[in-house]
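Participant: below is the sequence, then the predicted model.
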Amino acid sequence: MASRSSPPGTPGSPPPPGSPPPSSASSERKTRGRVVAITGAAAFLGRNLIGLLEEDPRVERIIAIDIKTPETAGQKTRVIAVDLTAPSSEQRIAELLVEERVDTLVHLCFISTPTHATAWAHELESIGTMHLLNAARQVNLRKLVLWSQTVLYGAHPTNPNFLTEKHPLRADPEERFFADKMAAEREVTTFGIKAKGTIVTVLRTAPLLGPTVQNYVTRYLARRAAFTLLGFDPLWQFVHEVDALAAFKLAIDRDFPGTFNIVGDGVLPLSTVLRLAGRTNVPVLHSVAGPLTGALWAVQAAPAPPSFLRYLRYICVADGTKAAQTMGFRPMYSTREALIDYISAQHLRDAQLLSEPAT
């Protein structure tokens, strides 16, 4: 695992006589700790990232932006109830960024599992991101870090074995779970191009897996019988929850403008994933799988809508080389190890020896 501490600076030569003194903002940043604001602070990534930042002596203050209070909030954390779906959130966040002297804004306010409340999800992710960026444009924000996902590349028969950051996002635009996140990433990318002096980092994580995370993948794997598509066995890829958090901490600690795939090493065929998880593989004809999944999704008995069937058919795995070379990100867990860590916890839950993780 790469070091998460900031690299030591190189002392510069003294300024020539008569040169202006350094700006007060620059001097202030050197004498006080970091101030980090996090949206979606009560969800999995947000609350665990707050726990890491609470332990970091370089962080002076954490601004938790959510309608709920994260249980990891400590003495450094100030919880601010802001609903990003409200039009008033734009001005409130702009005021917060100034009042709290925020230098880094981490935008994690995205749902991790498809929902039937698609109108609300659109307001939260797409419109909410717009409100956030409009607020950021009003202030002198030093850094913005966005959570995105490799699933947005889409599962296609023409995909290469490993998708780089240059590959377009081609997930189903008719599926709101994908469309709203892709719209948010486009907005942030445009903001990064136009915003002078703001470092913009986008972290596209592979599906998160581990003992405490919960999402559509863990719900799929938690079932004793898992539907697959007859004749197809695509490669799957995960990133351990600990490694995902480490990547965000690294992006906060140091400056890495650009977009990065955050993935675990290695891939696994879906059949191997199910075998290791101890689940029964139930192959279904594609012509039957669509209507069946649609009916189950309609009665909230499926972990994801029919659009996700493409990921049971075609490959969608990402290349983590850029994050390794530029950020120094090295996952501690491989895809296989992340799966096994999840399975160990799930077996305890199956035996009712461990409670379900919080959403």
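Facilitator: On my side now, so go ahead. Residues are numbered from 1 along each chain as shown.
Participant: surely Ala136 touches Thr104?
Facilitator: No. Assessed by CB atoms under 8 Å, Ala136 is found out of contact with Thr104, at 11.4 Å. In short, each C-beta sits where N, CA and C put it, glycine included.
Participant: quick check: neighbours shared by those two?
Facilitator: Jointly contacting Ala136 and Thr104 under the rule CB atoms under 8 Å, 6 or more residues apart in numbering are Leu144.
Participant: run through the bridge partners of Thr259.
Facilitator: Beta-bridge partners recorded for Thr259 (DSSP bridges): Val202.
Participant: that one: neighbour count?
Facilitator: 21 (other CB atoms under 10 Å).
Participant: surely it meets Gly192?
Facilitator: No. Using CB under 8 Å, Thr259 makes no contact with Gly192, being 9.4 Å away.
Participant: contacts only, for Leu146.
Facilitator: Neighbours of Leu146 in contact, by CB under 8 Å, 6+ apart: 107, 184-185, 188, 200-203.
Participant: hmm, try it at 7 Å
Facilitator: 107, 185, 188, 202 (CB atoms under 7 Å, 6 or more residues apart in numbering).
Participant: who does the first one bridge with?
Facilitator: Right, His107. For His107, the beta-bridge partners under DSSP bridges are Thr39, Leu146.
Participant: okay, it: pLDDT?
Facilitator: Note for His107: predicted pLDDT of 98.
Participant: same check, this time on the third one
Facilitator: The pLDDT attached to Val188 in the predicted structure is 97.
Participant: count of residues packed around it?
Facilitator: Neighbours of Val188 using other CB under 10 Å come to 24.
Participant: wait, it touches Thr201, no?
Facilitator: No. The pair Val188 and Thr201 does not pass the contact test of CB atoms under 7 Å, sitting 9.6 Å apart.
Participant: what comes into contact with the top helix by length along the chain?
Facilitator: Longest helix in the chain, counting residues (DSSP state H): helix 176-194. Here helix 176-194 makes contact (CB under 7 Å, 6+ apart) with 110, 114, 118, 121-122, 125-126, 129-130, 133, 136, 144, 146, 148-149, 152, 169, 171-173, 198, 200, 202.
Participant: filter the residues you listed to the buried ones?
Facilitator: Among the contacts of helix 176-194, those classed as buried by 16 or more other CB atoms under 10 Å are 110, 114, 121-122, 125-126, 129-130, 133, 136, 144, 146, 148-149, 152, 169, 171-172, 198, 200, 202.
Participant: how about the contacts made by the residue sitting nearest the centre point of the chain?
Facilitator: In the chain, the residue lying closest to the centroid (CA atoms, centre = their mean) is Trp147, at 3.6 Å. With contact taken as CB under 7 Å, 6+ apart, Trp147 is in contact with 45, 107-108, 110, 203, 205.
Participant: point out where the stretch 151-300 of the chain drops to low pLDDT.
Facilitator: Filtered on pLDDT under 70, the stretch 151-300 of the chain yields no residues whatsoever.
Participant: so where do the helices sit in it?
Facilitator: 176-194, 216-222, 241-253, 270-277, 286-298 (DSSP state H, counting those that start in this stretch).
Participant: now tabulate those helices in JSON lines and tack on distance to Val263.
Facilitator: Below are the helices of the stretch 151-300 of the chain laid out as JSON lines (distance: least, CB to CB, whole Å):
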{"stretch": "helix 176-194", "distance to Val263": "17"}
{"stretch": "helix 216-222", "distance to Val263": "14"}
{"stretch": "helix 241-253", "distance to Val263": "9"}
{"stretch": "helix 270-277", "distance to Val263": "15"}
{"stretch": "helix 286-298", "distance to Val263": "26"}
